[in-house]
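1. Pasting the sequence and the predicted coordinates here, then a few questions.
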Amino acid sequence: MNIYVLLKRTFDTEEKIALSNGRIAEDGAEFIINPYDEYAIEEAIQVKDQHGGEITVVTVGSEESEKELRTALAMGADKAVLINIEDEIEDGDQYTTSKILAEYLKDKNADLILGGNVAIDGGSGQVGPRVAELLEIPYVTTITKLEIDGKNATVVRDVEGDSEVIETTLPLLITAQQGLNEPRYPSLPGIMKAKKKPLEELELDDLDLDESDVEAKTKTIEIYLPPKKEAGRVLSGDVQDQVKELVGLLHSEAKVV
């Protein structure tokens, strides 16, 4: 089975993020594999273990993304591809990424393409579905279970407050939701093997694309941190007095009643 995983390098949102000149300051920031993409990598490994095949992890970004690709290789992927746009595109968006990925994948005869449901830095959830639309293949988002039988696939999809079961066929693109699996940690032997696994680096020219072909369709106007949370207020006195004071505060300060 020919399996591809779409990977994104993201800021570690568990760490402190600072802004500089309206952008997230990368100096000193921690970067990781987008956590939802880790579910995709793990699922790809489990599918390969069951059905055989080869796993290629692909990302669009800069040379710094090599670290995250090597981590995916250490987890168990076979090959990695970095499409380096650092010197060619300053401000890309989901359309940019999707167009580049689809152009790379169009002649790869992929049976299964996996990605994360959303990226924790942007949260749009657009790239997977856009890639599938450009490739004209079926896709299912926010999946929590995948079963493959020959060219047929049964997918359990997370929906608000419930789940739905979808039957479809390969080739197929899916996006992974939390609960699909438990991503493994790279083992020491896996880390050592990852150093020798192939990592190919491409540029737009290699895909017969110009900058105008992947020009962003959206523009980021401003990036800002949420307002600092004010300290709470503790009410004292009898319960009836507290209720009266609370109602007064909700009316005069919070203005919600």
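-> Yep, it's here. A quick note: this is a predicted structure, and the numbers were derived from the prediction, not measured. Numbering: from 1, shown residues only.
2. hang on, Glu164 is in a helix, isn't it?
-> No - read with DSSP: H, G, I helix; E, B strand; the rest coil, Glu164 is strand and lies in no helix.
3. Test my guess that it contacts Thr154.
-> No - contact criterion C-beta atoms under 8 Å: Glu164 and Thr154 do not qualify, at 11.4 Å. Heads up, the C-betas are built off the backbone N, CA and C, glycines and all.
4. between those two, who's got more neighbours?
-> Just comparing Glu164 and Thr154: by other C-beta atoms under 10 Å the higher neighbour count belongs to Thr154, 13 against 10.
5. so what's that one up against?
-> Thr154 sits next to Leu146, Glu147, Val165, Ile166, Glu167 when contact means C-beta atoms under 8 Å, 6 or more residues apart in numbering.
6. State the number of residues packed around the residue nearest to Lys195 when sequence neighbours are not counted.
-> Nearest residue to Lys195, sequence neighbours excluded (C-beta to C-beta, 6 or more residues apart in numbering): Arg70, at 7.4 Å. Using other C-beta under 10 Å, Arg70 has 19 other residues around it.
7. Hmm, Arg70 is touching Ala194, no?
-> Yes - with contact defined as C-beta under 8 Å, Arg70 counts as touching Ala194 (5.1 Å).
8. So which elements touch the longest strand along the chain?
-> Counting by DSSP state E, the longest strand found in the chain is strand 139-149. With contacts taken as 3 or more C-beta pairs under 8 Å, 6 or more residues apart in numbering; DSSP states H and E, strand 139-149 sits against helix 35-51, helix 127-135, strand 152-159, strand 162-169, strand 172-176.
9. Run the angle between the third one and strand 172-176 for me.
-> Note on geometry: by axes from the mean of the first three to the mean of the last three C-alpha atoms, to 10 degrees, strand 152-159 and strand 172-176 are set 30 degrees apart in direction.
10. partners of strand 152-159 in the sheet?
-> strand 139-149 (antiparallel), strand 162-169 (antiparallel) (DSSP bridges).
11. got these as a markdown table, with distance to Ala80 and mean pLDDT columns?
-> Listed next are the strands paired with strand 152-159 as a markdown table, based on distance: least, C-beta to C-beta, whole Å; pLDDT from 0 to 100:
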| stretch | distance to Ala80 | mean pLDDT |
| --- | --- | --- |
| strand 139-149 | 22 | 96 |
| strand 162-169 | 27 | 96 |
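12. can you put these in a markdown table and add distance to Glu38?
-> Formatted as a markdown table, those follow (distance: least, C-beta to C-beta, whole Å):
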| stretch | distance to Glu38 |
| --- | --- |
| strand 139-149 | 14 |
| strand 162-169 | 21 |
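13. Among those strands, which comes closest to Asn21?
-> strand 139-149 (34.7 Å; C-beta to C-beta).
14. just the angle between that closest one and helix 35-51, please?
-> 20 degrees.
15. Name all residues that make contact with Val60.
-> Val60 sits next to Ile83, Ile85, Gly92, Thr96, Thr97, Ile100, Leu101 when contact means C-beta under 8 Å, 6+ apart.
16. What is the lowest-pLDDT residue among these?
-> In terms of pLDDT, Gly92 ranks lowest among the contacts of Val60, with 87.
17. what about it, neighbour count?
-> By the measure other C-beta under 10 Å, the count of residues near Gly92 is 21.
18. what do you get for the one 4 residues further on?
-> Residues lying near Thr96 (other C-beta under 10 Å) number 21.
19. Now do the SS call for it.
-> From three-state DSSP, the assignment for Thr96 is helix.
20. Would you mind confirming that it makes contact with Ser212?
-> No - counting by C-beta under 8 Å, Thr96 does not reach Ser212; the two are 11.3 Å apart.
21. where along this protein do the helices fall?
-> For the chain, the helices defined by DSSP state H cover 35-51, 66-75, 94-105, 127-135, 188-194, 239-252.
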